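Colleague: here is the input, now give the coordinates:
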Amino acid sequence: TAEERTSINPLALRDNGMRIVRSRTLAAILSGSAAGILGLTGLAGFAFYLLVSTVLSGVWFAVAGKSASAYFPKLRNLVWDGVLDSTLTYVLFWTLLYALVHIF
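Modeller: Numbers count the residues shown, from 1 in each chain. Below you'll find the model as predicted:
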């Protein structure tokens, strides 16, 4: 029925998406820095990023709770938004901190 439908505010959806992207960027900066300081190299460094991204997606699911579909109509957006964009940020901070701590 019409009463059971809820209207979705496009501005709120955009805001939710931007919050995810910003949190993933911050997580990429912090985890890239941690990976560089810890001296992770090769696949271990990328596995660390995958682990951090998975944990962050889990945190977002926990925060949204059972009503995640109300905040994110496509749940894949909750999992994948910003992951690939933040990968370059992760690699930048990973290599920068690795070089500063272990090379110079």
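Colleague: immediately after the one helix or strand in the chain whose mean pLDDT sits lowest, which helix or strand?
Modeller: Sorting the helices and strands of the chain by mean pLDDT, DSSP states H and E puts helix 68-71 at the bottom, at a mean of 75. Next helix or strand after helix 68-71 toward the C-terminus (DSSP states H and E): helix 75-80.
Colleague: now do Gly87 against Ala27, distance only.
Modeller: Heads up, residue 87 is Thr, not Gly. 11 Å (Cβ to Cβ, to the nearest Å). To be clear about C-beta, it is placed using only N, CA and C from the backbone, and glycine gets the same treatment.
Colleague: over to Val101?
Modeller: 20 Å.
Colleague: so between the two, which is more surrounded?
Modeller: The residue with more neighbours, out of Val101 and Ala27, is Ala27; 20 against 13, by other Cβ atoms under 10 Å.
Colleague: in which helix or strand would I find that one?
Modeller: Under the criterion of DSSP H and E, Ala27 resides in helix 10-38.
Colleague: quick one on the thing from earlier: for the least confident helix or strand of the chain, name the packing helices and strands.
Modeller: Helices and strands touching helix 68-71, by 3 or more Cβ pairs under 8 Å, 6 or more residues apart in numbering; DSSP states H and E, are helix 10-38, helix 75-80.
Colleague: mean pLDDT lowest where, among those helices?
Modeller: Mean pLDDT is lowest for helix 75-80 among those, at a mean of 78.
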